[in-house]
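S.K.: Here is my input; please provide its structure:
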Amino acid sequence: MHKKMAFIKNILASNFTRLQSPYKITFAVTYKCNLKCKICKIWQNPPQREVGIEEIERIFKSLSNLSWIDLTGGEITLREEIIEIIKVIIKNSDKILIFHISTNGQLPDKMFLIVKEILKLDVVPFINVSIDGPQLINDRLRGVNGAYEASLETFNKLKQFTKIHCYLSCTLSNFNINSVDDLLSALKKEIQNFDFSDMHFNIFHASAHYYNNHGIDGSVNSNPGMIKNYLSLCKKGHSVKVFLENEYLKGVDYFLQGNKFPVKCQALNATCFIDPFGRIYPCGMYSEVLGELSSCNFDFKKIWNSEKSSQIRRSIQAKKCPGCWSPCEAYPAILGCLINR
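M.R.: Model (predicted):
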């Protein structure tokens with residue numbers, strides 16, 4: 001119960017003020033990836049030293065307000081110490097209510113093991129397994145033959161866990177928008193008891209520091225009707241997911257018309273992004289670095305409360321950031337304007 005109360009308290013506070021520490025972060029644990037996606041070039045990033053277990057523990061000890069984490073990559077299953085990293089995060093974050101993981105689904109057995117270990121820690125994860133079209137389209141976009149079948153195998157394995165929330169996540173881009181109907185038809189045939197509530201849709205975005213795909217035109221601005229149709233399919237499932245996706249849908253038109261953000265952004269107000277090397281960014285899209293955690297002994301609050309953080313926050317408020325409607329940023333923004341719009 002205390003986790004729910006802390007989550008609600010953080011949401012309410014974010015409607016009126018900047019939090020002393022973020023309640024939601026996105027942590028990319030690695031940029032290693034075993035796919036070669038057409039719309040994402042993370043796999044082209046040169047290897048660098050990633051933050052270690054002891055450093056991660058210091059980071060999360062200083063994140064005393066954390067209720068929500070998005071764990072992502074690259075591909076998280078390629079981080080050798082991923083289970084230990086998850087244990088360290090949960091041990092030092094007793095308020096976490098939403099533990100969300102994104103995976104490309106290429107290592108079904110390892111993902112199954114990861115979820116099994118998370119459940120032992122009394123945390124119920126939300127898992128998104130990415131899939132971007134029917135088999136031929138998906139594998140062409142992802143640059144690896146067999147990627148589609150691996151994603152389905154991962155999804156089916158994870159659905160054996162009755163306690164978790166598992167979805168197939170499709171990024172809508174101009175490379176696959178005309179193939180989504182075929183994908184849904186295929187999934188109905190290939191997944192027992194498949195329902196549209198098993199899907200999660202999001203819109204292509206570009207990011208220089210995260211996806212490394214700046215300059216790739218995957219936008220779907222010319223297809224607002226199709227986008228809204230797919231986003232409106234998920235009418236059942238977990239109540240929080242349904243609410244957020246319905247509110248997300250309301251902002252799609254505004255964003256696709258060239259506007260930056262339908263509601264007040266919560267980046268650096270209640271949320272932020274940490275990369276695998278300990279650099280802090282406002283979000284996954286805005287490539288302004290607040291600072292490197294190694295410069296302050298991995299004490300997160302020193303950077304969060306710095307003058308540079310304030311400067312970048314002011315630039316976001318002035319809409320000088322790239323602007324986005326990515327669920328990672330849109331969902332906390334939606335919750336941050338429930339009362340104070």
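S.K.: just the strands in this protein please.
M.R.: Using DSSP state E, the strands assigned to the chain run over residues 24-28, 68-72, 98-103, 125-130, 165-172, 199-203, 271-274, 279-281, 291-292.
S.K.: can I get the ones you listed in a markdown table with distance to residue 16, mean neighbour count and mean pLDDT?
M.R.: For every residue, glycine as well, the C-beta is placed using N, CA and C. What follows is those, written out as a markdown table (distance: least, C-beta to C-beta, whole Å; neighbours: other C-beta atoms under 10 Å; pLDDT from 0 to 100):
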| stretch | distance to residue 16 | mean neighbour count | mean pLDDT |
| --- | --- | --- | --- |
| strand 24-28 | 17 | 24 | 98 |
| strand 68-72 | 18 | 23 | 98 |
| strand 98-103 | 21 | 22 | 97 |
| strand 125-130 | 27 | 24 | 97 |
| strand 165-172 | 30 | 21 | 96 |
| strand 199-203 | 28 | 21 | 92 |
| strand 271-274 | 16 | 25 | 98 |
| strand 279-281 | 24 | 22 | 98 |
| strand 291-292 | 26 | 16 | 97 |
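S.K.: and those strands as a markdown table, adding distance to residue 181?
M.R.: Shown next, in a markdown table, are the strands of the chain (distance: least, C-beta to C-beta, whole Å):
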| stretch | distance to residue 181 |
| --- | --- |
| strand 24-28 | 31 |
| strand 68-72 | 28 |
| strand 98-103 | 24 |
| strand 125-130 | 19 |
| strand 165-172 | 12 |
| strand 199-203 | 12 |
| strand 271-274 | 33 |
| strand 279-281 | 36 |
| strand 291-292 | 45 |
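S.K.: Nearest to residue 306, out of the ones you listed?
M.R.: Of all the strands of the chain, strand 291-292 sits nearest to residue 306, with 6.5 Å by C-beta to C-beta.
S.K.: what's the closest of the strands of the chain to residue 248?
M.R.: strand 199-203 (8.6 Å).
S.K.: which stretch among the strands of the chain comes nearest residue 330?
M.R.: Once these are compared by C-beta to C-beta, strand 199-203 is nearest, at 9.0 Å.
S.K.: and residue 79, what is it in contact with?
M.R.: By C-beta atoms under 8 Å, 6 or more residues apart in numbering, the contact list for residue 79 reads 29, 30, 32, 50, 73, 85.
S.K.: and the third one, how many neighbours?
M.R.: Put plainly, it is residue 32. 19 (other C-beta atoms under 10 Å).
S.K.: And the first one, by the same measure?
M.R.: Neighbouring residues of residue 29 were enumerated by other C-beta under 10 Å; the total is 26.
S.K.: quick one: it and residue 77 touch, right?
M.R.: No - look at residue 29 against residue 77 with C-beta atoms under 8 Å: they stay out of range, at 10.0 Å.
S.K.: Contact partners for residue 84?
M.R.: residue 53.
S.K.: now it: how far from residue 90?
M.R.: 11 Å (C-beta to C-beta, to the nearest Å).
S.K.: Run through the residues that contact residue 292.
M.R.: Residues near residue 292 by C-beta under 8 Å, 6+ apart: 277, 278, 279, 280.
S.K.: repeat for residue 148
M.R.: 131, 134, 135, 138, 139, 142.
S.K.: Please report the distance of it from residue 155.
M.R.: Going from residue 148 to residue 155 by C-beta to C-beta gives 11 Å.
S.K.: who touches both of these two?
M.R.: Common neighbours of residue 148 and residue 155 (C-beta under 8 Å, 6+ apart) are residue 131.
S.K.: remind me, longest helix of this structure?
M.R.: Across the chain, the longest stretch assigned as helix under DSSP state H is helix 239-256.
S.K.: in the stretch 1-150 of the chain, which spans are helices?
M.R.: Using DSSP state H, counting those that start in this stretch, the helices found in the stretch 1-150 of the chain span residues 2-14, 53-61, 82-91, 108-120, 135-142, 147-158.
S.K.: So for residue 339, which of the ones you listed sits nearest?
M.R.: Distance to residue 339, taken as C-beta to C-beta, is lowest for helix 2-14 among the helices of the stretch 1-150 of the chain, at 7.1 Å.
S.K.: who's in contact with the closest one?
M.R.: Applying C-beta under 8 Å, 6+ apart, the contact partners of helix 2-14 are 19, 23, 65, 67-68, 94-98, 266, 269-270, 332, 335-336, 338-339.
S.K.: Could you report the distance from residue 103 to residue 37?
M.R.: 14 Å.
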